[in-house]
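Asks: take a look and give me a structure for this.
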Amino acid sequence: MSSFKISGNIVDVIQQTIFPGTVSVEEGYITALARSSGKEYQKYILPGFVDAHVHIESSMLVPTEFARLATVHGTVAAVSDPHEIANVLGLSGVRLMVDNAAQTPFKIAFGAPSCVPATPYETAGAKLTPQDIRFLFEQK
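Replies: Numbers count the residues shown, from 1 in each chain. Next comes the predicted model:
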């Protein structure tokens, strides 16, 4: 990893302020924030966005491709509910999503789809049992 500095209007979401400054990055970690007095910038530096609820499979993309497209828009992580892929492929579909997501540095937290199918009247391609859910929870 390289080290670099980037200057712009820093958006501090904790203090709810925006100020001109420089962010120093060393080996992939932010090591310093320095305020700049009297400077005006056209660019803003923000924390990455986290998509708090997404069905990645609805995008018709595997997680690695979803991540590639999401990061260019400032999203750095997602919480994914894979119940739609589970409705079609069951446990193997969920494992496919989790295994594929492990190939990207984009952070994806998966929930365990506990209602597949959603109702007993639904025609789904698969069914998840309580044992399947236990298996998903026990996976690292």
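Asks: now what about the longest helix along the chain, what contacts it?
Replies: Assignment by DSSP state H gives helix 91-101 as the longest helix of the chain. Helix 91-101 has contacts (C-beta atoms under 8 Å, 6 or more residues apart in numbering) with 56-57, 62-64, 67, 80, 82, 85-86, 89, 108, 110, 112-113, 126, 128, 132, 135-136, 139. (Glycine included, C-beta is placed from N, CA and C.)
Asks: between helix 91-101 and the lowest-mean-pLDDT helix or strand in the chain, find me the angle.
Replies: One helix or strand of the chain scores below all others by mean pLDDT, DSSP states H and E: helix 130-138, with a mean of 89. Going by axes from the mean of the first three to the mean of the last three C-alpha atoms, to 10 degrees, helix 130-138 is angled at 10 degrees with respect to helix 91-101.
Asks: contacting residues around the closest residue to residue 58 other than its chain neighbours?
Replies: Excluding the flanking residues, the one nearest residue 58 by C-beta to C-beta, 6 or more residues apart in numbering is residue 84, at 6.1 Å. By C-beta under 8 Å, 6+ apart, residue 84 lies in contact with 55, 57, 58.
Asks: kindly confirm my reading that residue 84 is in a helix.
Replies: Yes: with DSSP: H, G, I helix; E, B strand; the rest coil as the criterion, residue 84 is part of a helix.
Asks: so for it, what's the pLDDT?
Replies: Looking at residue 84, its pLDDT reads 92.
Asks: now do the strands in this structure.
Replies: 4-12, 17-26, 29-35, 44-45, 49-54, 75-80, 107-110 (DSSP state E).
Asks: possible to save those as CSV with mean pLDDT, distance to residue 122 and mean neighbour count?
Replies: CSV is the format used below for the strands of the chain (pLDDT from 0 to 100; distance: least, C-beta to C-beta, whole Å; neighbours: other C-beta atoms under 10 Å):
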stretch, mean pLDDT, distance to residue 122, mean neighbour count
strand 4-12, 95, 44, 15
strand 17-26, 96, 49, 15
strand 29-35, 94, 47, 11
strand 44-45, 95, 46, 14
strand 49-54, 96, 21, 13
strand 75-80, 97, 21, 18
strand 107-110, 96, 22, 16
